[in-house]
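Peer 1: whatever this is, show me its structure:
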Amino acid sequence: MEAKEAYNKIILKYTHPTKLAQFQVLYALYRKDIKTAKTVLNDVKSPELKLYYEIQIALEENDLEKSRLLIQDVKKIWMKNAVEADILHKEGNLEQARTYAQQSIKRTRGIQKYTLTKHFESLLNKAA
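Peer 2: Okay, the predicted model is just below:
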């Protein structure tokens with residue numbers, strides 16, 4: 001419920017279509033609503049964010065091969081670390097996944113830091 005409330009507050013605050021699309025994709029991914037995420041992805045204008053979300057969608061579809069291919073084009077280190085953490089997590093390499101997750105969180109601030117912290121919460125809290 002916390003995510004739904006936060007999402008509702010955000011869509012009231014941010015009215016710019018591009019920003020709104022980013023939050024809509026993020027929330028759709030959170031809800032594992034891949035169809036909506038793919039639809040709204042077209043409205044994300046930032047090429048880097050679009051690529052990042054495209055990789056997240058591929059991960060949700062368990063397409064690790066596509067994720068590994070697309071990660072090569074990611075320029076921002078925090079994004080690359082976050083995606084690498086997700087891939088390693090899906091592959092069952094929890095120790096390395098945690099390291100990349102922590103690195104991605106350390107390299108961000110603001111909404112990205114909050115989002116990644118929430119995203120990786122269960123991974124980072126699992127017993128080693």
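
Peer 1: helix or strand right after the least confident helix or strand in the chain by mean pLDDT?
Peer 2: Counting by mean pLDDT, DSSP states H and E, the chain has its least confident helix or strand at helix 2-13, which shows a mean of 63. Using DSSP states H and E, the helix or strand that follows helix 2-13 in sequence is helix 17-30.

Peer 1: pull out the buried residues from the helix or strand just after that next one.
Peer 2: Next helix or strand after helix 17-30 toward the C-terminus (DSSP H and E): helix 34-41. Residues of helix 34-41 classed as buried: 37, 40-41 (neighbour count, 16 or more other Cβ atoms under 10 Å). The way it works is simple: take the backbone N, C-alpha and C, and place the C-beta from them, glycine included.

Peer 1: same list (those residues) but as JSON lines, adding pLDDT and distance to Ile105.
Peer 2: Below are these laid out as JSON lines (pLDDT from 0 to 100; distance: Cβ to Cβ, whole Å):
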{"residue": "Ala37", "pLDDT": "96", "distance to Ile105": "22"}
{"residue": "Val40", "pLDDT": "93", "distance to Ile105": "25"}
{"residue": "Leu41", "pLDDT": "95", "distance to Ile105": "24"}
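
Peer 1: can I get those residues in TSV with distance to Lys75?
Peer 2: As requested, those are arranged in TSV below (distance: Cβ to Cβ, whole Å):
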residue	distance to Lys75
Ala37	22
Val40	22
Leu41	18
